[in-house]
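> structure for the following, please:
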Amino acid sequence: MPATSYQRLLVHRCSAYYKLSPETDPVSKTISVLPSADSKIPNRRIAALVPAQPSTHPTIKIMRRSTTDRGPVKPHSQAGFNCWRRS
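Numbers count the residues shown, from 1 in each chain. This is a model prediction of the structure:
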């Protein structure tokens, strides 16, 4: 499903060039392309002509602490009361 109007335009132009019949759904803005008897099938796929774009989102890895890194377990404290004073 093309996301932008430019991508939808490309689908329509490519389908005209390869003599495919596009069907548009105006509600979801999706385009289905169906072959016809006069369709030309290219030797190379269009996706092979365009290099893949790297992800723009940084890779984030969430690491879990081991039980030895956590330290001693502290009891719940009440507001304004500090039972764990360090000397």
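
> and the biggest helix by length in the chain, what does it pack onto?
Longest helix in the chain by number of residues (criterion: DSSP state H): helix 5-17. Packing partners of helix 5-17 (3 or more C-beta pairs under 8 Å, 6 or more residues apart in numbering; DSSP states H and E): strand 21-25, strand 30-34. Yep, even glycine has a C-beta here, placed from its N, CA and C like the rest.

> I'd like these laid out as CSV, including mean pLDDT, mean neighbour count and distance to residue 64.
CSV is the format used below for those (pLDDT from 0 to 100; neighbours: other C-beta atoms under 10 Å; distance: least, C-beta to C-beta, whole Å):
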stretch, mean pLDDT, mean neighbour count, distance to residue 64
strand 21-25, 85, 12, 45
strand 30-34, 85, 13, 41
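
> closest one to residue 49 among the ones you listed?
Relative to residue 49, the nearest member of the helices and strands packed on helix 5-17 by C-beta to C-beta is strand 30-34, separated by 17.3 Å.

> extract the CA atoms of the helix or strand just after the closest one and return them as CSV.
Tracing the chain past strand 30-34, the next element assigned as helix or strand by DSSP states H and E is helix 46-49. In CSV, the C-alpha atoms belonging to helix 46-49 read as follows (Å, rounded to 0.1, in the frame of the first residue of the first chain):
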residue,chain,number,x,y,z
ILE,A,46,11.8,-2.4,-10.0
ALA,A,47,12.7,-3.1,-6.4
ALA,A,48,16.1,-4.4,-7.7
LEU,A,49,16.8,-1.0,-9.3
